[in-house]
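In: Got a predicted structure plus its sequence, pasted below:
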Amino acid sequence: MGELKLMKGNEAVAEAAIRAGCDGYFGYPITPQSEVMEYLMAEKPFERTGMVVLQAESEVAAINMLYGGAGTGKMVMTSSSSPGISLMQEGISYMAGAELPALIVNIVRGGPGLGTIQPSQADYFQAVKGGGHGDYKLLVLAPASVQEMCDHVKLGFDKAYQYRTPVMILSDGAIGQMMEKVVLFDQIPRRTDEEVIAQCPWASNGRPQTRNHNIITSLDLDPAGQERVNLKLQAKYKLMEQHEVLYEEIQCEDAEYLFVAFGLSARICQKAIDLARAKGIKVGLFRPITLFPFPVTEVSNVGNRVKGILVVEMNAGQMIEDVKLSVGCKVKIEHFGRFGGIIPSPDEVVRALEQKIIGG
Amino acid sequence: MIMEDTFAKTEIHKPENIVYKKTDLMVDRPLSYCPGCGHGTAHRMLMEVIEEMNIQDKTIGVSPVGCSVLAYDFLNIDMLGAAHGRAPALATAIKRMWPNHFVFTYQGDGDLAAIGTAETIHACNRGENITIIFINNGIYGMTGGQMAPTTLPGMRSSTSPYGRDVATMGHPLKITELVAHLPGVYYVTRQAVHTPNHVRKTKKALRKAFELQKENKGLSFIEIVSNCNSGWKMTPVQSNKWMEDNMFPFYQLGDIKVDGKLVEKKEIAGKE
């Protein structure tokens, strides 16, 4: 068993990055995730493992540093929060197009615009449906605890390299800031240059005599060629849908009603389940852990056994669209959300269940 | 006729007859540049330097968006194509990840001095140990001849059809002089590639830049003032003459910073 520590979510992300053998972190300060880079700078990972940590001049520069590092095969990551992630969308689109592995951590805050620095889940659509221009998807992980903030860093890097794709951890300001126990996994050594070269034969890191030159680009001026790129990406997303779905079911066995929620909302729903069951309402929770690929079949299986579903999100209703597409129209599905940085209380979640689903 | 041709070719294509050949670091395919354009020459000088230093297996290049967006198709080394203006950010990370490799960006004026100004200034200011090659032809060539940050006052383009009016369109940006003042920048020079003499000087400057990179001296910035006969709506010969008469007085050729020290010049700002 690994080391047990009390950590903030943001700190757990940073420590996990070092331990995962990350080669480079590039970021720009923004609340509520600045602790990621602060922790890294204070920890001196360049002395611990040789990992590079660089404060960029903007989120635009940071994501393009990621593109540069990833294009050479190195294991790179960034973190930011909603407005910063919006600035990164161009670079993320290029990375998806050029099929570059990297990890992007989004500690979401309320919007639109400069919005608020308080937690939110308003960027579900942006994260899950592409975000930047062009037909692409990110593999999106939604941690609901500090432990998962840590574990998803390692998982995210693994999947990024397995599929040669950018992976996003979609968290929020509350999980980033809250402190919990976390079991840290043991240090994984950083790959040597020789290992990087051997593992990433596609990467541009210096052409030996033995191969043709490698080109990292998202450009194909020939429409037939670009369509092949799109088809290749779609085939990759199909594989993720088949193999990478992660979810959690809590007290669903005897449930007559169901909450569907991810991240922080799922934590609130767990408490709401206790309150509701104390009142005699048999409710369970379905928590998607991967938001893309979405657990379509799994949520449908559970959802079609119950009398009604309340989708709880800290937004105006985004994931509910995927829940409706998955479950179909035989079961009543309603949304309850608070936004602008307000975290719903378990009480109001139960009230919403009673009013919108049971009594409605 | 066919017999004669075959005979002639086999006679000529003998190793002992070869006195000059294109470097193997140029991919054997036609360039996408307009006839008369300086990009091809600049590409070739760059590749000759890398070949002569025998560092092709340790060199990583970053191409821009603009006319040279496809530079990676012609340069037979590992390359990354950057988003518009972001090449110095890529190069920063590449060099930090591979500190013993040689890293360069190859960028045009719109890419480097307009949309990518922040990335250019900050990579320079951090003193990244890379080489930036900046092709300045005062126009957006690829998109069809629009006004660039370096378009001269009064100069016509498709978005300044009556000439650049500095009162409403701003002044041309001498970004090369600007970055020369940053402490992280070690070597800054401005060259051209339209005559054999200038080509030789440019090649020398490129060699110096890569040698300095080997010695971890900091950032080298090489501007190459070039023509754009298509964008300027001139013949290649006319465009080179126009460049000498109009571009060179404003963008004066020569070293601007050597060994980390600004070169003393009476009129560094050029003719306004």
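Out: Noted; the coordinates are in hand.

In: Can you read off the backbone torsions of the closest residue to A:Lys8 other than its chain neighbours?
Out: Counting by C-beta to C-beta, 6 or more residues apart in numbering or on different chains, A:Lys8 lies nearest to A:Met179, which is 5.3 Å off, once chain neighbours are set aside. Every residue, glycine included, has its C-beta placed from N, CA and C. Note on A:Met179: backbone dihedrals following degrees, to the nearest 10 are phi -110, psi 130.

In: quick one: A:Met179 and A:Val146 touch, right?
Out: Yes. A:Met179 is in contact with A:Val146 according to C-beta atoms under 8 Å; the separation is 7.1 Å.

In: Overlap in contacts, those two.
Out: A:Met7, A:Lys8 (C-beta atoms under 8 Å, 6 or more residues apart in numbering or on different chains).

In: Pick out whichever of these two has more residues nearby.
Out: Between A:Met179 and A:Val146, counting by other C-beta atoms under 10 Å in any protein chain shown, A:Val146 is the more crowded of the two (25 against 13).

In: For the more buried one, list the residues it contacts.
Out: Counting by C-beta under 8 Å, 6+ apart, A:Val146 has contacts A:Met7, A:Lys8, A:Gly9, A:Ala12, A:Ile175, A:Met178, A:Met179, A:Glu180, A:Lys181, A:Val182.

In: Just name the closest of these to chain B, please.
Out: A:Ala12 (24.3 Å; C-beta to the nearest C-beta).

In: Touching, that closest one and A:Asp151? I think so.
Out: No. Counting by C-beta under 8 Å, A:Ala12 sits too far from A:Asp151 to count as a contact (9.0 Å).

In: quick one, which of these two is more surrounded?
Out: The neighbour comparison of A:Ala12 against A:Asp151 (other C-beta under 10 Å) goes to A:Ala12, with 30 against 19.

In: which residues does that one contact?
Out: With C-beta under 8 Å, 6+ apart, A:Ala12 has these contacts: A:Val146, A:Gln147, A:Met149, A:Cys150, A:Val182, A:Leu184.

In: please redo it, this time with the cut-off set to 7 Å
Out: A:Val146, A:Met149, A:Cys150, A:Val182 (C-beta atoms under 7 Å, 6 or more residues apart in numbering or on different chains).

In: And those, which two are furthest apart?
Out: A:Met149 and A:Val182 (7.7 Å; C-beta to C-beta).

In: Chain A: helices as residue ranges?
Out: Using DSSP state H, the helices of chain A run over A:9-19, A:35-43, A:45-48, A:59-71, A:82-98, A:124-128, A:146-163, A:173-177, A:193-199, A:223-243, A:263-278, A:296-303, A:319-327, A:346-352.

In: Is it possible to get CSV of the ones you listed that adds mean pLDDT and distance to B:Asn137?
Out: CSV is the format used below for those (pLDDT from 0 to 100; distance: least, C-beta to C-beta, whole Å):
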stretch, mean pLDDT, distance to B:Asn137
helix A:9-19, 98, 43
helix A:35-43, 98, 39
helix A:45-48, 97, 41
helix A:59-71, 98, 24
helix A:82-98, 98, 25
helix A:124-128, 98, 38
helix A:146-163, 98, 39
helix A:173-177, 97, 47
helix A:193-199, 98, 37
helix A:223-243, 98, 28
helix A:263-278, 98, 51
helix A:296-303, 98, 53
helix A:319-327, 98, 49
helix A:346-352, 98, 62
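
In: And those helices: which comes nearest B:Arg207?
Out: Per C-beta to C-beta, nearest to B:Arg207 of these: helix A:59-71, 24.6 Å.

In: any residues touching the closest one, and which ones?
Out: A:23-24, A:26-28, A:54, A:56, A:76, A:78, A:80, A:84, A:87-88, A:91-92, A:94-95, A:98, A:100-102, A:203-204, A:216, B:80, B:82-83, B:86, B:89-94, B:97, B:118-119, B:122.

In: Just the buried residues from the residues you listed, in ChimeraX please.
Out: Per 16 or more other C-beta atoms under 10 Å in any protein chain shown, the buried members of those correspond to this ChimeraX selection:
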select /A:23,24,26,27,28,54,56,76,78,80,84,87,88,91,92,94,95,98,100,101,102,203,204,216 /B:80,82,83,86,89,90,91,92,93,94,97,118,119,122
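
In: so the residue nearest to A:Lys8 touches A:Leu6, yeah?
Out: Yes. Contact criterion C-beta atoms under 7 Å: A:Met179 and A:Leu6 qualify, at 5.7 Å.

In: okay, residue 5: pLDDT?
Out: As the question left the chain open, I've gone with chain A. A:Lys5 carries a pLDDT value of 97.

In: try again with chain B
Out: 58.

In: Then B:Ile12?
Out: Value for B:Ile12, per-residue pLDDT: 74.

In: elements contacting the helix or strand hosting B:Asn240?
Out: Taking DSSP states H and E as the definition, B:Asn240 sits inside helix B:236-242. Taking 3 or more C-beta pairs under 7 Å, 6 or more residues apart in numbering or on different chains; DSSP states H and E as contact, there are no helices or strands that helix B:236-242 lies on.

In: From the rest of the structure, what touches it?
Out: B:Pro35, B:Gly36, B:His194, B:Asn227, B:Cys228, B:Asn229, B:Trp232, B:Met234.

In: From chain A, how far out is the fourth one?
Out: Right, B:Asn227. 24 Å (C-beta to the nearest C-beta, to the nearest Å).

In: Name the nearest residue to that residue, sequence neighbours excluded.
Out: Nearest to B:Asn227 is B:Ser239, by C-beta to C-beta, 6+ apart, at 4.0 Å.

In: The one you found: neighbouring residues, count only.
Out: Neighbours of B:Ser239 (other C-beta under 10 Å): 24.

In: B:Ser160 - nearest residue in space that isn't next to it in sequence?
Out: B:Met147 (4.4 Å).

In: give the contact list for the one you found.
Out: Taking C-beta under 7 Å, 6+ apart as the test, what B:Met147 contacts is B:Ser157, B:Thr159, B:Ser160, B:Arg164, B:Met169.

In: Looks like the third one contacts B:Pro172 (just checking).
Out: No. Proximity of B:Ser160 to B:Pro172 does not meet the contact threshold set by C-beta under 7 Å, at 11.2 Å.

In: In terms of packing, which of these two has more residues around it?
Out: Neighbour count, other C-beta under 10 Å: between B:Ser160 and B:Pro172, B:Pro172 has more, with 22 against 19.

In: Can you pull the phi/psi pair for that one?
Out: phi -60, psi 140.

In: so what's it scoring on pLDDT?
Out: 98.

In: so what's the nearest residue to it once chain neighbours are set aside up against?
Out: Distance criterion C-beta to C-beta, 6+ apart; nearest residue to B:Pro172, sequence neighbours excluded, is B:Thr150 at 5.1 Å. For B:Thr150, the contacting residues are B:Asp109, B:Ala113, B:Asn136, B:Gly138, B:Pro172, B:Leu173, by C-beta under 7 Å, 6+ apart.

In: thinking again about what came up before, can you put the contacts of helix B:236-242 in CSV and add pLDDT, neighbour count and secondary structure?
Out: Listed next are these as CSV, based on pLDDT from 0 to 100; neighbours: other C-beta atoms under 10 Å in any protein chain shown; DSSP: H, G, I helix; E, B strand; the rest coil:
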residue, pLDDT, neighbour count, secondary structure
B:Pro35, 95, 10, coil
B:Gly36, 95, 18, coil
B:His194, 97, 21, coil
B:Asn227, 97, 28, coil
B:Cys228, 97, 29, coil
B:Asn229, 96, 22, coil
B:Trp232, 96, 22, coil
B:Met234, 96, 17, coil
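
In: In chain A, which residue sits closest to chain B?
Out: Closest point on chain A to chain B, by C-beta to the nearest C-beta, is A:Gly68, at 3.1 Å.

In: Find me whatever residue is spatially closest to that residue, sequence neighbours aside.
Out: B:Leu90 (3.1 Å).

In: Helix A:82-98 and the helix or strand the one you found falls within, what's the angle between them?
Out: Assigned by DSSP H and E, B:Leu90 belongs to helix B:87-97. Orientation of helix B:87-97 against helix A:82-98 (axes from the mean of the first three to the mean of the last three C-alpha atoms, to 10 degrees) gives an angle of 80 degrees.
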